[in-house]
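Asker: Any chance you could fold what I've pasted below:
(one chain, ligands or ions: 1)
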Amino acid sequence: MTDKKLDSLNIDSDRIWKSLTEISVFGATPAGGLNRLAASESDGQARDYVVAAAKEIGCTVRIDALGNTFMRRAGNDATAKAILVGSHLDSQPFGGKYDGIYGVMAGLEVLRALHSSNTQTSHPIELAVWTNEEGARFAPAMMGAAYFAGKFSAAELLSRVDTEGEKLGDSLAAIGYAGTDVVKPTEHVAYLEIHIEQGPILQDENLDIGIVTAVQGMRWFRVNFTGQSGHTGTYPMEIRRDALVAASALVKAVQQIGLEEPNLGRATVGHLVVSPNSPNVIPGHVELMVEFRHPEGEVLDVMTTKLHAAISEIKKSSLVEVEIKQELDSATINFTPDLIEIVRQAVTATNLKGKQMLSGAGHDACQLAAVMPTAMIFIPCDKGISHAEDEDITQVWSTNGAQVLLQTVLKLDLKTGTT
Ligand SMILES: [Zn+2]
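Answerer: Okay, here's the model as predicted:
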């Protein structure tokens, strides 16, 4: 098949849009969002919907021990490794209809487009639904993909419990997704994931597609301020050890650390617990979380050094004790240059406007990148809103993304020949 013929192969805009509408009923919230926690009944229903659609077009279905669900369309070379596409169907408790779900439905649409046009690829094309990407019900996030990448054993993850004490293994069994198939990364030649951007850049810049080059690194620090509580009406100002005043100095310092890394640096205090939190008691204790994000580890080191310097300064000037503990150190994930180039070519072939960009959020692809060539594609989402019930996309964005995913799959199938 010539490249020209491939370029004219189209996805069906109405078909993918209809599938996004149909699957959004499972776990729908009154406000138009989604409450579809991992391995819940509605997660099972959403999976059943995708599995039935894949079976209808002749795909074979496998389910592994973590419930990761694989739907494979055969290629014409029996020895070729599969091209893997995928994302997740679970949501936050008050999440949106597209985070993760769009990637699965775009993958399904690629399989459907190949089927309805009777296009034979040399490689099998396999669609994966990863279990528990969000981590909202069971920790950690990106669990199914991490299991697939070999970071955990099935036993240690299946015994994780939710806040009700229910084990993940029991929840998966209840919805019929406690599988026994063994699916290994060595079966696959590469992984592609398409996802909503979860940020405002593409819409602001009037672009169709984000060609994701990397997922930025992130560090979390828990900081505890211990001063002295006391009566606000009687205790003199000069000798107070007010933990909140000391903490507020750090909040400002963290903002400054972010501003000193223009464009790419992100520095946030998004969690603050004040004790005793009463209008007429001097705050004796404050706990806060500092989060830094940046694509370069060296810059995260600089930001961390500045954080420690700011804390030393606050200790000296405030009579408040300050303790800091690092809670998370997640390194930057760089996607595969050859694959990024194929995505770029697919954007050009579909006459869309794209640009290379970073992902600010973590995705299943971060786990897959450890075990096979991996790339990600973004579509815009309205006002950059996600993890919220008013998360939204347009049919045009949905169509463009699926088209780029299809072209990327086809170009990759040609490029990698029969290896
Ligand atoms: Zn997601």
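Asker: all helices of the stretch 51-200 of the chain, in order?
Answerer: 101-116, 143-148, 154-158, 168-174 (DSSP state H, counting those that start in this stretch).
Asker: Now do A78, the pLDDT please.
Answerer: Note for A78: predicted pLDDT of 85.
Asker: Also S8?
Answerer: So S8 comes in at 74 (pLDDT).
Asker: Run a quick neighbour tally on it.
Answerer: Applying other Cβ atoms under 10 Å, we find 9 residues neighbouring S8. For every residue, glycine as well, the C-beta is placed using N, CA and C.
Asker: Report the separation between the nearest residue to A106 once chain neighbours are set aside and P283.
Answerer: Leaving aside its sequence neighbours, A106 sits nearest to A402 (Cβ to Cβ, 6 or more residues apart in numbering; 4.3 Å). From A402 across to P283, the span is 52 Å (Cβ to Cβ, to the nearest Å).
Asker: In terms of neighbours, single out the busier of those two.
Answerer: Ranked by neighbour count (other Cβ under 10 Å), A402 and P283 place A402 first, with 30 against 26.
Asker: And the strands in the stretch 251-400 of the chain?
Answerer: For the stretch 251-400 of the chain, applying DSSP state E, counting those that start in this stretch gives strands covering 266-275, 285-294, 321-330, 333-334, 354-359, 374-379.
Asker: which helices and strands sit right next to the second one?
Answerer: When contacts are defined as 3 or more Cβ pairs under 8 Å, 6 or more residues apart in numbering; DSSP states H and E, strand 285-294 packs onto strand 217-226, helix 243-259, strand 266-275, helix 297-318.
Asker: any chance of those in CSV, plus mean pLDDT, mean neighbour count and distance to the ion?
Answerer: Converted to CSV, the helices and strands packed on strand 285-294 look like this (pLDDT from 0 to 100; neighbours: other Cβ atoms under 10 Å; distance: least, Cβ to the ion, whole Å):
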stretch, mean pLDDT, mean neighbour count, distance to the ion
strand 217-226, 94, 19, 16
helix 243-259, 98, 18, 24
strand 266-275, 94, 15, 18
helix 297-318, 96, 15, 23
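Asker: Quick one: closest of these to K353.
Answerer: strand 266-275 (25.5 Å; Cβ to Cβ).
Asker: Nearest residue to the middle of this protein?
Answerer: The residue lying closest to the centre of the chain (Cα atoms, centre = their mean) is H363, at 2.8 Å.
Asker: pretty sure it contacts I377?
Answerer: No - H363 is beyond contact range of I377, at 11.1 Å (criterion: Cβ atoms under 8 Å).
Asker: intersection of neighbour lists for the two?
Answerer: 193, 195 (Cβ atoms under 8 Å, 6 or more residues apart in numbering).
Asker: F148 and D64 touch, don't they?
Answerer: Yes - using Cβ under 8 Å, F148 is in contact with D64, at 7.2 Å.
Asker: Enumerate the residues of the chain near the ion.
Answerer: 99-100 (Cβ under 5 Å from the ion).
Asker: Find the closest residue to the ion in the chain.
Answerer: G100 (3.8 Å; Cβ to the ion).
Asker: Give me the nearest residue to that residue, chain neighbours excluded.
Answerer: Residue nearest to G100 in three dimensions, not counting chain neighbours: H88, with 3.7 Å by Cβ to Cβ, 6+ apart.
Asker: Let me see the contact set for that neighbour.
Answerer: 100-101, 103-104, 129-134, 144, 364 are the contacts of H88 under Cβ under 8 Å, 6+ apart.
Asker: could you dump the helices and strands packed on strand 285-294 to CSV with distance to G58?
Answerer: Shown next, in CSV, are the helices and strands packed on strand 285-294 (distance: least, Cβ to Cβ, whole Å):
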stretch, distance to G58
strand 217-226, 41
helix 243-259, 51
strand 266-275, 45
helix 297-318, 46
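Asker: Out of those, which is closest to A46?
Answerer: Nearest of the helices and strands packed on strand 285-294 (Cβ to Cβ): strand 217-226, 28.5 Å.
Asker: Hey, what's the angle from the closest one to helix 297-318? Just curious.
Answerer: Using axes from the mean of the first three to the mean of the last three Cα atoms, to 10 degrees, the inter-axis angle of strand 217-226 relative to helix 297-318 is 10 degrees.
Asker: could you dump strand 217-226 to CSV, C-alpha only?
Answerer: Provided in CSV are the C-alpha atoms of strand 217-226 (Å, rounded to 0.1, in the frame of the first residue of the first chain):
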residue,chain,number,x,y,z
GLY,A,217,9.5,15.8,36.7
MET,A,218,7.8,16.5,40.0
ARG,A,219,8.8,16.7,43.7
TRP,A,220,6.6,17.0,46.8
PHE,A,221,7.7,18.2,50.2
ARG,A,222,5.7,18.1,53.4
VAL,A,223,6.6,21.0,55.7
ASN,A,224,5.5,21.2,59.4
PHE,A,225,5.6,24.5,61.3
THR,A,226,5.4,24.3,65.1
